[in-house]
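Asker: using only what follows, build the 3D model:
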Amino acid sequence: MPEVIMPKMGDAMEEGTILQWLVSEGDEIEEGDPIAEIETDKASMEIEAEDSGTLHEFIAQEGQDIPVGEAIAVILGEGEEPPERDGGAEEEAEEEAEDEAEEEGSAEAQAETEEEEEASEDEGETYEEPSGGAQADGSESDGQVRASPIVRRLARENNLDLSRIEGSGPQGRIVERDVRAAMESGEAPVADGQAEQEEEVAATAEEQPQEAPQAIWQQPELPEPTRAPGTEVQAPSRMQQIIGERMTQAKQQIPHFYATVEVQMDEVLALREQLNEKLADQEIKLSVNDFVMKACASALKDFPKLNSLYTNEGIELHENVDMAMAVALEDGLITPVIRDAANKGLSAISQESKDLASRAREMDLAPDEYQGGTITISNMGMFGVESFAAIINPPQAVIVAVSSIIRRPTYNENDELVPANFMKLTLSADHRITNGAEGAHYMAEVKKLLENPMMLLV
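Answerer: From the prediction side, this is the model:
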């Protein structure tokens, strides 16, 4: 095939953004040559040519969001002709059909066009105009207006035509303030007979049997920028947008509960120093986080519910502990995964975590290296954070927040005041999967392993 398509770089990927083309039209391309840099919700990466030939044309431009599977460029081999792109032909055919329907006054043709548009829209995301294909002022409409069910209801109750209201929300979405502004100004009334038709449609929808309601995250209404002197508005990156949406969904839809333990880390620090001396020739240097990840992974063997995913068919229990670790990036974070961490030694975890973190910061991870984790570790101890709670990374059941080590006085077994090193670990858990007692027992087991770290070596 001469067309280059937007590749699917992960199960959750729906579209990618062309950051930049690395070649030009007319260039000779060899199979395996990098041709473009794309950005997904997780990372930026280069895509390579799957065929050799001449780059005939770019279909997608830099900065454009392209759905997975759609063509972005054409590479022609010797003797090949550029393909006809079906998308453009279909659009032309639809436009011709609409023109014919308007000229002939064919209600049937217009109804078929509207049915196709309705089938392509996400449920609850689009306000459908009444049939007829034209607004009250005679201007053409595409029949698709972005508005939530609440906004549609408000417009219907106040006899307003949403297709005549200009949206101020993201991507032109009509929000409540737009409708209320139209109410105050008296603009955008519905055409004659339109209100009755909308009421009939709404009544019919209410009569239809509905499935059990599900929590649906909706874009929140945000304030307008102040534009005050000394301010600057920066558009969030694609990664920031996706992270913001998913973390908002997670916080709203997952019933979090938290459990914090304080661990005395003196034994870990002493063992770490001994092991690093012996591993110096191998250029292996264990970190405190390596011990924490090993302890959290090993403890999960006795708590299978915590090593699970919350799916649409139920709770999926996993035998292997695939440990994701949060790595901070300039525009967000990414969670590369250490596979089967419970059955790996400290040195293997150390080497793998350093390699994954380094390549994550260079945006050089393959999709299977940052997807599919069953538990996440988030460490902000290096920033001096004494305690924090992290947001669960769905569909996982838990995330463990790791804080800094604090040296302070404590009493030993002889009631003598001595210095000691302490660190707080906070579990965030999904109450749909587990409960407070199980979470507390798990954190107690992690604490026991860290305060007796020789147990991590057997």
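
Asker: residues contacting I375?
Answerer: 296-297, 300, 306-307, 321-324, 396-400 (C-beta atoms under 8 Å, 6 or more residues apart in numbering). C-beta here means a position set from N, CA and C on the backbone, and glycine is covered the same way.

Asker: switch the cut-off to 7 Å
Answerer: Residues counted as contacts of I375 (C-beta atoms under 7 Å, 6 or more residues apart in numbering) are C296, L300, N307, V321, M323, A324, Q396, V398.

Asker: cool, and A60?
Answerer: By C-beta under 7 Å, 6+ apart, the neighbours of A60 are I18, I66, I72.

Asker: near the last one, how many other residues are there?
Answerer: It refers to I72. I72 has 22 neighbours, counted by other C-beta atoms under 10 Å.

Asker: quick check: it is in a strand.
Answerer: Yes - under DSSP: H, G, I helix; E, B strand; the rest coil, I72 sits within a strand.

Asker: separation between it and V458?
Answerer: 53 Å (C-beta to C-beta, to the nearest Å).

Asker: got it, and the second one?
Answerer: From I66 over to V458 the distance is 52 Å, taken as C-beta to C-beta.

Asker: who's more crowded, these two?
Answerer: Shown here are I66 and V458; by other C-beta under 10 Å, I66 has more neighbours (18 against 4).

Asker: please name the nearest non-neighbouring residue to the more buried one.
Answerer: Nearest residue to I66 in three dimensions, chain neighbours excluded: M6, at 4.4 Å (C-beta to C-beta, 6 or more residues apart in numbering).

Asker: contact partners for the one you found?
Answerer: The neighbourhood of M6, defined by C-beta under 7 Å, 6+ apart, consists of G16, I66, P67, V68, G69, E70, I72.

Asker: next, the buried residues of the helix or strand in which I349 is found.
Answerer: In the assignment (DSSP states H and E), I349 maps to helix 346-361. Buried residues in helix 346-361, counting neighbours by 16 or more other C-beta atoms under 10 Å, are found at L346, A348, I349, S350, Q351, E352, S353, L356, A357, R359, A360.

Asker: again, but for stretch 428-445
Answerer: Within stretch 428-445, the residues scored as buried using 16+ other C-beta under 10 Å are S428, A429, D430, I433, T434, G439, Y442, M443, E445.

Asker: distance between the ends of that stretch?
Answerer: Counting by C-alpha to C-alpha, to the nearest Å, you get 16 Å between the two ends of stretch 428-445.

Asker: return the member of the contacts of A60 nearest to M247.
Answerer: For the contacts of A60, the closest approach to M247 (C-beta to C-beta) belongs to I66, at 25.0 Å.

Asker: so what's the backbone phi/psi at P453?
Answerer: Torsion angles at P453 (phi, psi; degrees, to the nearest 10) stand at phi -70, psi -20.

Asker: break the chain into its domains for me.
Answerer: 3-83, 121-204, 240-457 (automatic domain parsing).

Asker: so where is this protein shaky, pLDDT-wise?
Answerer: Within the chain, the stretches with pLDDT under 70 are 1, 10-12, 41-43, 84-144, 148-149, 169-171, 188, 190-220.

Asker: many thanks, have a good one.
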